[in-house]
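Novice: here is my input; please provide its structure:
(2 chains)
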Amino acid sequence: MSNKLINWFRFASPQAFYPLAGRMIPWFWALAAVFGIAGLYVGFLVAPTDAQQGEGYRIIFLHVPASWMSMFIYLVMAFWAGLGLAFNFRLSGMMATALAPTGALFTFLSLWTGALWGKPMWGTWWVWDARLTSELILLFLYVGFIALQSAIDDPRRADKAGAILALVGVVNIPIIYFSVKWWNTLHQGSSVSLTKSPSMAMTMLLGMLLCALACWMYAIAVALMRVRTIMLERERHTEWVREELGMKAKEQ
Amino acid sequence: MQLASTLNPAQDIQPLPLSLPIPHSSFLTDPMYWNSFSEFLAMGTHGIYVWGSVGVMVLLMVLEPVLLVRGQKSLVARLKRQFRAEKTDRSTQSRR
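Specialist: Below is the predicted model of the structure:
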C-alpha cells in the first residue's frame, strides 16, 4: 500500500513528470486526430439534416464540445490550483497555469461558434441572456487568472493569488450549466442529458461525442506541452533541467 | 409523473431493461448525406456560418500547438546558451 503511494507521488515531482509527459504527448495527439477525423466525418458527411434548423445545426459538433471543454477545463484548473494552495505541491500550480490558456481558447471558441449559430437561428449574434452572459464571465475569469499570474514575478506567490481567483470563480460553472433551467433563456436546453434517453438522432449524438473526445485529447496534449515549458522555465536553476538538456553542471 | 391512484403495481414493478437505451448506429456503412460537393459547401443557406465556425476553430487549434512548440524550442535554446556561458565562465576562472 505505502509502496504504491510512493510510486504515485514520484510523478508529482517535475523531474519525474517532465519525461513522462513528453512520452505521453504523441499518444494524445494520435487519439485527438483519430477521434477528430471520425467525429467530423460523422457530423459533417453522414449525419442527416435537422428538421427545424436545417444544415446550420452542424455547428453543434463544434459548439457543444468547445463549451463542455471550457467548463471542464476550468474545474480541473481550479482543482489543481486548490491542491497547490492546500499542499503546496510544485506540480499543481504549474498544471493550473498550463490549463488556463487552453480553457480560454475553448471559451472563446464556444462564444464564437455560438454567435455564428445564433445569427441564422435567432437572428442575432449576441443576447445578454443568462447562458451567454455567464459564459462571457467565464472568459473574463480565465483572462483575469492569466493576467493576475503574469503580473506577479514570484511564481509561488502567483500560484497562490491565481488559486484564490480560480476557486472563487468556480461558482460560475454551475450557473452556466444550469442557466438554461433556472432562467428563461433564448439558448436552447441541454442537448445531452444523463437521465433522459437522447432526444437527437443517434448519428448526431455519436458525431458530437466523437468531437468531444477529440477536444479532450487535444486539451490534454496541449496542456502537457505547455506544462513542460513551464517546468523548464521555473526549474531552470535545478540540476535535473541541466541534465535533461544534456548539460552536466559540475564537470569543471 | 403519474398520480398514485393510477399506478398499476403489476406494470410499475418491472425489471430494468437489460439493454441500454442506446440504439445502434452503422455510421461506417451509412451513405454520405450529400449528393454533390457544392451542396456540401453551401450547407443549405448556412454555409458562411458553418464554415466560419469550422475555420476559426481549426485555425486556433492548429495555432496553439505550433506556438507551444516554438516556445519550447526557443526556451531550450536560451537555457542551453545560458548553461554553456556559465560553464565557460567557470572554466576561465579556474584557469586563472
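Novice: which helices and strands does the host helix or strand of residue A:159 pack with?
Specialist: Following DSSP states H and E, one finds residue A:159 within helix A:155-169. Helices and strands touching helix A:155-169, as assessed by 3 or more Cβ pairs under 8 Å, 6 or more residues apart in numbering or on different chains; DSSP states H and E, comprise helix A:60-87, helix A:90-122, helix A:130-151. For the C-beta atoms, the positions are set from N, CA and C on the backbone; glycine is no exception.
Novice: swap the cut-off to 10 Å and go again
Specialist: Packed against helix A:155-169, as judged by 3 or more Cβ pairs under 10 Å, 6 or more residues apart in numbering or on different chains; DSSP states H and E, are the following elements: helix A:60-87, helix A:90-122, helix A:130-151, helix A:202-234.
Novice: how far is the last one from where the chain is centred?
Specialist: Centroid separation for helix A:202-234 versus its chain: 7 Å, with Cα atoms, centre = their mean, to the nearest Å.
Novice: got the angle for that helix vs helix A:90-122?
Specialist: Relative orientation of helix A:202-234 versus helix A:90-122 (axes from the mean of the first three to the mean of the last three Cα atoms, to 10 degrees): 140 degrees.
Novice: and chain B, is helix A:202-234 touching that?
Specialist: Yes - Helix A:202-234 is in contact with chain B by Cβ under 10 Å from any Cβ of the partner chain, via A:202-207, A:210, A:214-215, A:218-219, A:221-226, A:228-230, A:232-233.
Novice: phi, psi for residue A:50 please.
Specialist: phi -90, psi 140 (degrees, to the nearest 10).
Novice: about what we covered before: need the helices and strands packed on helix A:155-169 in CSV (columns: mean neighbour count and mean pLDDT).
Specialist: Shown next, in CSV, are those (neighbours: other Cβ atoms under 10 Å in any protein chain shown; pLDDT from 0 to 100):
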stretch, mean neighbour count, mean pLDDT
helix A:60-87, 21, 95
helix A:90-122, 22, 95
helix A:130-151, 18, 96
helix A:202-234, 21, 94
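Novice: so which of the ones you listed gets nearest residue A:27?
Specialist: helix A:202-234 (8.5 Å; Cβ to Cβ).
Novice: right, and the helix or strand after that closest one?
Specialist: helix A:239-244.
Novice: neighbours around residue A:27, how many?
Specialist: Residue A:27 has 12 neighbours, counted by other Cβ atoms under 10 Å in any protein chain shown.
Novice: apart from its chain neighbours, what residue comes closest to residue A:216?
Specialist: residue A:69 (7.2 Å; Cβ to Cβ, 6 or more residues apart in numbering or on different chains).
Novice: tell me the contacts of the one you found?
Specialist: Taking Cβ atoms under 10 Å, 6 or more residues apart in numbering or on different chains, we find residue A:69 in contact with A:102-103, A:105-107, A:109-110, A:212, A:215-216, A:218-219.
Novice: tell me how far it lies from residue A:45.
Specialist: Applying Cβ to Cβ, to the nearest Å, the value for residue A:69 to residue A:45 is 23 Å.
Novice: what mean pLDDT does stretch A:157-171 get?
Specialist: Averaging pLDDT along stretch A:157-171 yields 95.
Novice: with just CA atoms, put that stretch into CSV.
Specialist: Below are the C-alpha coordinates for stretch A:157-171, written out as CSV (Å, rounded to 0.1, in the frame of the first residue of the first chain):
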residue,chain,number,x,y,z
ARG,A,157,3.0,33.8,-5.0
ALA,A,158,1.5,34.0,-8.5
ASP,A,159,0.1,30.4,-8.0
LYS,A,160,-1.4,31.3,-4.7
ALA,A,161,-3.1,34.5,-5.9
GLY,A,162,-4.3,32.7,-9.1
ALA,A,163,-5.6,29.8,-7.0
ILE,A,164,-7.9,32.1,-4.9
LEU,A,165,-9.3,33.7,-8.1
ALA,A,166,-9.8,30.3,-9.7
LEU,A,167,-11.6,28.9,-6.6
VAL,A,168,-13.9,31.8,-6.2
GLY,A,169,-14.7,31.6,-9.9
VAL,A,170,-15.9,28.0,-9.6
VAL,A,171,-19.3,29.3,-8.6
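Novice: now do the one helix or strand residue B:78 maps to against helix A:90-122, angle only.
Specialist: In this assignment (DSSP H and E), residue B:78 forms part of helix B:47-95. For helix B:47-95 against helix A:90-122, the angle by the same axes, to 10 degrees is 160 degrees.
Novice: using the three-state scheme, assign residue A:153.
Specialist: coil (DSSP: H, G, I helix; E, B strand; the rest coil).
Novice: which residues touch residue 47?
Specialist: Chain wasn't specified; assuming chain A. Contact analysis of residue A:47 by Cβ under 10 Å, 6+ apart lists A:41, A:57-58, A:60-61, A:200-208, B:25, B:27, B:30, B:33.
Novice: my bad, chain B
Specialist: A:55-56, B:40-41.
Novice: mind doing that once more with 8 Å?
Specialist: residue B:41 (Cβ atoms under 8 Å, 6 or more residues apart in numbering or on different chains).
Novice: can you check residue A:137 too?
Specialist: Residue A:137 touches residue A:172, counting by Cβ under 8 Å, 6+ apart.
Novice: fine by me, thanks again.
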